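Engineer: the sequence and its predicted three-dimensional model are supplied below.
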Amino acid sequence: MTSTFDITLVTDRREFDTLAESWQTLADSSPTASVFSTWYWISAWWKHFGDGVSPFIIVARDTEGNLVGVAPLVRHRRGPFRVLKFLGAPHSDYHEFLFRPHEQPLISAAICKFLLGLRDEWDVWEVNDVTASSPLWPLIEEVFADEFEIHPLRDITCPYAALPDDWGTFLGGLSRKRGRYIRNRLEYLERIGVGYRTATRKDAITETMDHLYLMHVERWRNRKCLNPVHGVPHFLPFLKEAAMNFNEAGCLALAEITTGHRPMAIALNFRYKTKVYNYLRGFDIAWHSYSPGLLLDVLAIKQAIESYCREYDFARGDEDYKRTISNRLRVNRHAFVTRRAKSDLMLAAFVRSCVVWDKLAHRRGTGRLIRFMSKYSAR
């Protein structure tokens with residue numbers, strides 16, 4: 001089967017804004033789209049982190065003018081180099097092209113070949129947080145390998161829980177010790193009046209997000225492991241706007257467990273299609289011995305099962321708490337696609353430094369690397 005697509009490049013911010021409705025429609029139908037591909041997320045990110053980058057969005061339309069494919073990229077300067085990255089990075093946990101169902105090979109190939117034709121407009125494409133099973137990887141090898149170099153970086157594991165049809169089956173799938181521990185803790189919290197709820201009113205969302213961010217920052221800053229991405233001033237306003245967008249779309253699952261009117265633990269979750277994405281959570285460290293974060297995750301999974309979701313995604317990162325109740329792993333791959341750098345010493349040095357830094361991150365571990373970065377930046 002052959003199809004003809006009209007491929008164009010969007011570099012104007014006003015033109016980007018006009019894509020809102022068709023973008024979301026395409027994301028809803030695209031089989032590989034995640035919550036981070038939605039307009040609810042993308043538009044909030046663009047508002048708060050769009051300064052310093054310009055749109056480099058490749059769109060494909062069919063003969064009737066319908067949007068059938070999108071490569072959501074932005075371009076920015078890193079020293080003398082023009083770097084492409086996915087729109088939403090580094091705050092999104094998954095990236096992917098969007099495409100109309102059943103036409104992925106044709107649409108993605110047409111977009112990649114169009115990007116190859118724009119080789120004079122960019123120097124480096126940072127392909128980050130694309131799942132290892134994505135059809136994009138073999139396509140990149142096929143289209144770019146002859147003229148470009150592909151530099152693989154480290155993989156990042158993303159734990160998730162595949163959800164059964166009922167809550168009892170999920171608990172039964174845990175180890176006997178873990179299942180008994182969770183049941184005992186839940187019973188105790190119920191006896192002392194701890195409640196579970198989700199915020200849906202705008203004022204409640206704003207207040208809950210403030211509590212969540214403070215608890216998250218306090219916990220990780222005390223351990224000197226606060227992700228620098230989470231410490232920037234725009235991060236909380238961005239999350240609030242994204243939460244409001246998802247709430248209007250009926251996709252927000254901002255969950256908390258409380259004692260009286262005081263939150264013990266809060267999780268910012270998004271429900272999209274048949275998945276729940278656990279993006280950010282925090283808990284009152286005064287309740288640490290009761291495992292409030294774990295119990296909140298368990299109750300959120302219970303709600304997800306009752307809502308007929310099939311997966312609870314802990315997203316990127318292999319922190320111990322994620323492995324406690326997850327039962328599957330997916331892998332995000334990272335790579336740099338660059339011009340052949342042998343004749344460009346500066347580009348070769350840039351690529352080497354990125355590869356070395358990536359290996360350092362892998363060997364030191366995320367927490368140790370963040371502590372190193374925080375100490376270095378404080379000097």
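Structural biologist: That came in fine, so what should we check first? Numbers count the residues shown, from 1 in each chain.

Engineer: what mean pLDDT does stretch 317-327 have?
Structural biologist: Averaged over stretch 317-327, pLDDT sits at 87.

Engineer: do the same with stretch 52-70
Structural biologist: Here the average pLDDT along stretch 52-70 is 95.

Engineer: any idea how far it is from the chain center?
Structural biologist: 21 Å (C-alpha atoms, centre = their mean, to the nearest Å).

Engineer: and what of stretch 114-132?
Structural biologist: Worked out by C-alpha atoms, centre = their mean, stretch 114-132 lies 19 Å from the chain centre.

Engineer: where does pLDDT dip in the stretch 101-250 of the chain?
Structural biologist: Residue ranges of the stretch 101-250 of the chain with pLDDT under 70: 222-224.

Engineer: a helix runs through L189, doesn't it?
Structural biologist: Yes. According to DSSP: H, G, I helix; E, B strand; the rest coil, L189 belongs to a helix.

Engineer: what about it, neighbour count?
Structural biologist: 21 (other C-beta atoms under 10 Å). Just so you know, the C-beta spots here come from the backbone N, C-alpha and C atoms, and that holds for glycine as well.

Engineer: next one: P164
Structural biologist: Neighbours of P164 (other C-beta under 10 Å): 15.

Engineer: and the gap between it and F314?
Structural biologist: 17 Å (C-beta to C-beta, to the nearest Å).

Engineer: what do you get for H216?
Structural biologist: Distance from H216 to F314, by C-beta to C-beta: 15 Å.

Engineer: more crowded one of the two?
Structural biologist: F314 (26 against 20).

Engineer: contacting residues for the residue most central in space within the chain?
Structural biologist: With distances taken as C-alpha atoms, centre = their mean, the residue of the chain nearest its centroid is D93 (1.9 Å). D93 makes contact with 34, 36, 129, 158, 277, 279, 315-316, 332 under the criterion C-beta atoms under 8 Å, 6 or more residues apart in numbering.

Engineer: just those now: which is nearest R201?
Structural biologist: Y279 (20.1 Å; C-beta to C-beta).

Engineer: quick one: contacts for that closest one?
Structural biologist: Per C-beta under 8 Å, 6+ apart, neighbours of Y279: 93, 268-270, 315.

Engineer: if we use 6 Å, what do you get?
Structural biologist: Contacts for Y279 (C-beta atoms under 6 Å, 6 or more residues apart in numbering) come out as L268.

Engineer: so how far is W125 from it?
Structural biologist: Y279 is 25 Å from W125, by C-beta to C-beta.

Engineer: again with R328
Structural biologist: Counting by C-beta to C-beta, the gap from R328 to W125 is 29 Å.

Engineer: which of these two has more neighbours?
Structural biologist: Neighbours were counted for R328 and for W125 using other C-beta under 10 Å; W125 has more, 23 against 11.

Engineer: which elements pack onto the strand or helix carrying the more buried one?
Structural biologist: In this assignment (DSSP states H and E), W125 forms part of strand 124-131. Judged by 3 or more C-beta pairs under 6 Å, 6 or more residues apart in numbering; DSSP states H and E, strand 124-131 is in contact with strand 81-86, strand 328-339.

Engineer: apart from its neighbours in sequence, what residue is nearest V127?
Structural biologist: A335 (4.9 Å; C-beta to C-beta, 6 or more residues apart in numbering).

Engineer: beta partners for that neighbour?
Structural biologist: V127, P152 (DSSP bridges).

Engineer: count the residues that sit near it.
Structural biologist: 18.

Engineer: distance-wise, check it relative to W39.
Structural biologist: From A335 to W39 the distance is 27 Å (C-beta to C-beta).

Engineer: phi, psi for the nearest residue to W45 once chain neighbours are set aside please.
Structural biologist: Leaving out its chain neighbours, the residue that sits closest to W45 by C-beta to C-beta, 6+ apart is G88, at 5.0 Å. Main-chain dihedrals, G88, degrees, to the nearest 10: phi 110, psi -20.

Engineer: which stretches in the protein count as helices?
Structural biologist: Assigned helices in the chain, in chain order: 13-17, 20-29, 39-49, 104-117, 136-144, 167-172, 176-191, 202-222, 235-248, 292-306, 320-325, 345-364, 366-377 (criterion: DSSP state H).

Engineer: buried stuff in the fifth one?
Structural biologist: Applying a neighbour-count criterion of 16 or more other C-beta atoms under 10 Å, one finds 136-137, 139-140, 143-144 buried in helix 136-144.

Engineer: what is the neighbour count of the nearest residue to A20 once chain neighbours are set aside?
Structural biologist: Leaving aside its sequence neighbours, A20 sits nearest to W39 (C-beta to C-beta, 6+ apart; 5.3 Å). Here the count is done by other C-beta under 10 Å, and W39 has 20 residues near it.

Engineer: what is the neighbour count of S175?
Structural biologist: Other residues close to S175 by other C-beta under 10 Å number 9.

Engineer: who touches it in this structure?
Structural biologist: Applying C-beta under 6 Å, 6+ apart, no residues contact S175.
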